[in-house]
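K.L.:
have a look at this prediction, sequence included:
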Amino acid sequence: MLRIRFSGEDLGRLRLARESSPWWDVVLSLRTLRGEPAHPQLSRWRQRVLDDCPDVGGIDVVAPLLTSMESDTDLQRTFAQRLPGHQRTLTAAAPVGHDQLLKRIAGYYDLAVRPYAAAISQALRTDWELHSAALFDHGVQELFAGFPPSMLHWQGSTLVGASDHHRDLELTGRGLIMIPSVFCWPHPILAAESATPILIYPASGSARAALDDHCPQPDEQDRLAGLVGPVRAQIIRSPQWPVTTAALAEHLGLARSTVSEHIRVLRRAGLVESTRRRNVVQHRLTDQGRQFRGQG
């Protein structure tokens, strides 16, 4: 059971986030990929990411690290500053020992979350408008009346919710930030370590549906994508060969680290070969790779 106790001051400091948190989307989606309980509407997303992920073992390595760092505000802040616009030559200094981890997290985000972010954001914005109207027009009781009672409900001056663990939090004037996530299921998650506690709650069915709709079943006619995965199929079909990792990353809209992992898999399969000339590494399709492209 989760209990969050509000004072009058806390009610004035209750904030509803318009969008999900990229950091929490990473943490919770990784939990889903590891097999933790997830909503059935995430099944197509999960399968598509697993099919397209170049190194599932890498995800298994990152996931427990992320779980242990959920309260690391320095790491979260740096990740948020590095995320926009694929700027990987980052302006924010990483905490000691975190730089490589941040690169792996960003690569995972590019692969598993960013392609669906726009569709999710649009659906969450509609939810936010409904929740905000309820809060500002009718108050906190009406806001929480819009949630399933088994998930969240208002009781006196206390927000009560389902939880796998007993949590009892007195806000004491700090307020609360509520953040939706399509990857949060089935219970809300309380992150009370920050200056203003955060409650991550399951997004509405319409937001999950937006994610599901954005994950179409693989085209039966796309034999190449069926064999090597959608992203690696795009790499093989790249219009320019030889090509550098940087050029491929720009063409596909992915992080260089993500493209490097895909190239590594294709090279191991004998479909791509790489040669270094001075400081530049160029990739070429092998005869087998060109044959694959012709058949796809």
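P.N.:
On my side now, so go ahead.
K.L.:
and the strands in the stretch 151-296 of the chain?
P.N.:
152-155, 158-161, 167-170, 176-181, 189-191, 198-202, 243-244, 272-277, 280-285 (DSSP state E, counting those that start in this stretch).
K.L.:
adjacent strands (with direction) for the fifth one?
P.N.:
In other words, strand 189-191. strand 198-202 (antiparallel) (DSSP bridges).
K.L.:
give me the contacts around the strand it pairs with.
P.N.:
With contacts defined as C-beta atoms under 8 Å, 6 or more residues apart in numbering, strand 198-202 is touched by 4, 21, 24, 28, 39, 147, 151-152, 159, 161, 176-182, 184-192. The way it works is simple: take the backbone N, C-alpha and C, and place the C-beta from them, glycine included.
K.L.:
what residues sit buried inside the lengthiest helix in the chain?
P.N.:
Determined from DSSP state H, the single longest helix within the chain is helix 114-138. Buried residues in helix 114-138, counted by 16 or more other C-beta atoms under 10 Å: 114-117, 119-120, 123-124, 127-128, 131, 134-135.
K.L.:
nearest to Arg46 among these?
P.N.:
Tyr116 (12.0 Å; C-beta to C-beta).
K.L.:
Val243 versus the closest one, what's the distance?
P.N.:
26 Å (C-beta to C-beta, to the nearest Å).
K.L.:
ok, Ile236 - how many residues close by?
P.N.:
Neighbourhood size, Ile236 [other C-beta atoms under 10 Å]: 22.
K.L.:
give me every residue that touches it.
P.N.:
Contacts of Ile236 (C-beta under 8 Å, 6+ apart): 224, 228, 266, 271, 285, 289, 292-293, 296.
K.L.:
so of the residues you listed, which ones are in helices?
P.N.:
Reading helices off these with DSSP H, I get 224, 228, 266, 289, 292-293.
K.L.:
where's the dip in pLDDT among the residues you listed?
P.N.:
pLDDT across the ones in helices among the contacts of Ile236 is lowest for Leu224, at 71.
K.L.:
pull the number of nearby residues for Gln100.
P.N.:
10.
K.L.:
test my guess that Ala119 contacts His214.
P.N.:
Yes - using C-beta atoms under 8 Å, Ala119 makes contact with His214 at a distance of 4.5 Å.
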